[in-house]
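Q: with the sequence up front, the predicted model follows.
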Protein chains: 2
Amino acid sequence: MAAVWHSTLNFMLGAKADGETILKGLQSIFQEQGMAESVHTWEDHAYLATYTNKNGSFTNLRICPHGLVLLDLQSYNSDIQGKEEIDNLLNKVEERMKELSQASIEQVKCLPTIVQRGAIDRYWPTPDGCLVGYDIDEVVGDGDSPYQNIKILHSKQFGNILILSGDVNVAESDLAYTWAIMDSGKEEYTGKDLLILGGRNGGKSREIVKLKPKMATMVEIDQMVVDPCKKYVHKTCCGVLGNLKGDCSQVLIEDCIPVLKRYTKEGREFDYVINDLTAVPISTSPEEDPTWEFLRLILDLSMKVFKGWEVFSTGNCVNLTEALSLYEEQLGRLYCPVEFPMEIICVPSYLELWVLYTVRKKAKL
Amino acid sequence: MAAVWHSTLNFMLGAKADGETILKGLQSIFQEQGMAESVHTWEDHAYLATYTNKNGSFTNLRICPHGLVLLDLQSYNSDIQGKEEIDNLLNKVEERMKELSQASIEQVKCLPTIVQRGAIDRYWPTPDGCLVGYDIDEVVGDGDSPYQNIKILHSKQFGNILILSGDVNVAESDLAYTWAIMDSGKEEYTGKDLLILGGRNGGKSREIVKLKPKMATMVEIDQMVVDPCKKYVHKTCCGVLGNLKGDCSQVLIEDCIPVLKRYTKEGREFDYVINDLTAVPISTSPEEDPTWEFLRLILDLSMKVFKGWEVFSTGNCVNLTEALSLYEEQLGRLYCPVEFPMEIICVPSYLELWVLYTVRKKAKL
């Protein structure tokens, strides 16, 4: 695997940058490293100098005429020694820039190095398109099931994180999510019959079992999610997934649609339904994305097996207002009229605020 | 201000990449845009092709012989139209790559565009060196006081964020921090005398005032922090900062060291002391960084004006284990022996877990 380290340093100069002076002043730093130079000059006296090193790394020096100087450095297969070389080069450039611009530097900014294609991928976009870096230090597991890619990555602060097809799903730090989607503390589960759709790591079952329900039934399609969670996401699932059938909990490894249809046919009813199957799709074309149809079918079927008033359902990032509106539109199209107050929660490993819905049957008039 | 947009797309190919075929195949995409080409070839048949555009933008195409193809695109002063052009170019490259490599692409990864030096800076490193992007959409205020740079930036999800000299301090979403450092729910503040060192946004005063203390005294050195917080960080400070002196709260705009020394001399005592002055320094050289000395002096003086047993104190990111150990070392050097249980909390806008300490005088034997 060829890891690529990308480092970025930029300077904002108070006075107009004299491109030629800066270029000449910095040149020697790269030449000392034995790097070959190639310079492109624009009509407005902007410069792009590319320095290539024999070891495969290269540096771009971009000088804009209005005072912006950018340095981009890409190196390959770096180790600790390579990291030191990069830091040395960046420090030398910063020092030289200070000499050259004689205190006219208004701002210097060095972004943390981004490592691409390393053994561990630490950078992913959030659902609303921000780049965030995670403190991942180990790939605990990585594999494909018939349904999805399943990764367990270890974060120094969040513990093991379950990642399904690239989306952060739940981490050992995230009991807050479990409590919120259970509406913990507000609802009375003792002696009640519960249905959990998409249990994944068993966190909800574990917390619910503590409250002594009559039976908590978790329906999860993917055995390959349950197995590693049982082993690696201890803190949020310990115990419950160990036995598929316990005194007051059971795990069905099945597709929830036929299960719900069967329950409906049998007239089986639950006191609570917790829908934790999938986040609200980011796609804003409900007519094209079958996930929307699936979501609505699930909610409709949930309402049918549900003798109580409230279904709890996961949402998505609070910033995805368009997708959340579309979800609310789907909720308006269920077979029975519902209201759906939302709650905004903070789940540690998500690095963004998350919306949960409580879908409530409207009282008959 | 010259914003720079940096987009990154990379491909991992299953088979060894035939560099020359890929280079020739992609060339025409850039040539169609009127971009000038310059190619560097390494001995191991790696390629770096640089394409410069008349408008000042450029693209680096890096082909490694072991199957990694990286595209880096930098454009300048882009607007929505410019963004579309970038996306079009990236899409064209992705399509062409799929044609060229005949389904041998194992992975494609496109990182979200990083904008440098735009009117709004959205990317900062966390204290432990990860790059994180914030959903900032407005610079509400930016200025320098004699003590620090003070920014108020608006985040779509976190509301207004107070940033002191580049560090995220508190946002409107962060009542969790206030509650945690007050040890809310566990401590009884009614009728008590409280001292808050470094109140910044007044959040703690506001929450404490609700609990009807005898008097909550907040000591904050920087009037220029109090003023914008009063105006813009409503949700966590409303009311309390409006009047510097209320029935059961007062704000002293003073350096806390002489205040604490004065109180010690006068024999003034408090039931609770909340130390929210500064995070544990990241520097790991206590002998060189005066902040460590300052922190210890504050804690020593706090213990002296304190008739109770517990002082609450902010820490730092849970990953900064070395810095936290050094802080604990300082705690071991106070004039009276203390114990210091820590709590890990999740503050929404911090994007990392945070450590708080309760510093407790040891019972005399």
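A: Perfect, I can see it now.
Q: tell me the contacts of the closest residue to A:C130 other than its chain neighbours?
A: Setting aside the residues directly before and after it, A:C130 is nearest to B:G133 in space (C-beta to C-beta, 6 or more residues apart in numbering or on different chains), at 3.5 Å. Quick note: C-beta positions are derived from backbone N, CA and C, even for glycine. In this structure, B:G133 makes contact with A:126, A:130-132, B:112, B:114, B:122-123, judged by C-beta atoms under 8 Å, 6 or more residues apart in numbering or on different chains.
Q: among those, name the ones in strands.
A: A:131-132, B:112, B:114, B:123 (DSSP state E).
Q: farthest pair in those residues?
A: Every pair in those was compared (C-beta to C-beta); the two farthest apart turn out to be A:V132 and B:I114, at 11.7 Å.
Q: so the residue nearest to A:C130 bridges to which residues?
A: B:Y123 (DSSP bridges).
Q: likewise A:W354?
A: On the basis of DSSP bridges, A:W354 takes part in beta bridges with A:C317, A:I345.
Q: that one reaches A:L320, doesn't it?
A: No: counting by C-beta atoms under 8 Å, A:W354 sits too far from A:L320 to count as a contact (10.2 Å).
Q: count the neighbours of the closest residue to A:K156 other than its chain neighbours for me.
A: The shortest distance from A:K156 to any residue other than its chain neighbours is 4.4 Å, reached at A:D135 (C-beta to C-beta, 6+ apart). Under the neighbour criterion other C-beta atoms under 10 Å in any protein chain shown, A:D135 is assigned a count of 19.
Q: isn't A:D135 up against A:L153?
A: No: proximity of A:D135 to A:L153 does not meet the contact threshold set by C-beta under 8 Å, at 10.1 Å.
Q: sketch out the low-pLDDT regions of the stretch 1-150 of chain A for me.
A: For the stretch 1-150 of chain A, the stretches flagged by pLDDT under 70 are A:1-2, A:16-17, A:78-80, A:103.
Q: ok but A:D72 is inside a strand, no?
A: Yes: when the secondary structure is assigned by DSSP: H, G, I helix; E, B strand; the rest coil, A:D72 falls within a strand.
Q: what about it, distance to A:L195?
A: The spacing between A:D72 and A:L195, counted by C-beta to C-beta, to the nearest Å, is 53 Å.
Q: ok, the two, which is more surrounded?
A: Taking other C-beta under 10 Å, A:D72 and A:L195 do not tie; A:L195 has more neighbours (26 against 21).
Q: quick one: that one and A:T264, what's the gap?
A: Taken as C-beta to C-beta, the spacing of A:L195 relative to A:T264 amounts to 12 Å.
Q: shared neighbours of these two, anything?
A: Common contacts of A:L195 and A:T264, defined by C-beta under 8 Å, 6+ apart, comprise A:V305.
Q: quick one: buried residues of stretch A:322-342?
A: Judged by neighbour count (16 or more other C-beta atoms under 10 Å in any protein chain shown), stretch A:322-342 contains these buried residues: A:323-324, A:326-327, A:330-331, A:334, A:338, A:340.
Q: and that stretch, end to end?
A: Distances were taken as C-alpha to C-alpha, to the nearest Å; on that basis the terminal residues of stretch A:322-342 are 15 Å apart.
Q: do any residues in it lie close to chain B?
A: No: Stretch A:322-342 lies apart from chain B when judged by C-beta under 8 Å from any C-beta of the partner chain; the minimum separation is 12.4 Å.
Q: quick check: mean pLDDT across that stretch?
A: The average pLDDT for stretch A:322-342 rounds to 88.
Q: surely A:K98 is in contact with A:N91?
A: No: contact status for A:K98 versus A:N91: not in contact, 10.9 Å apart, counting by C-beta under 8 Å.
Q: and the gap between the residue nearest to A:K156 and A:S349?
A: Distance from A:D135 to A:S349, counting by C-beta to C-beta: 10 Å.
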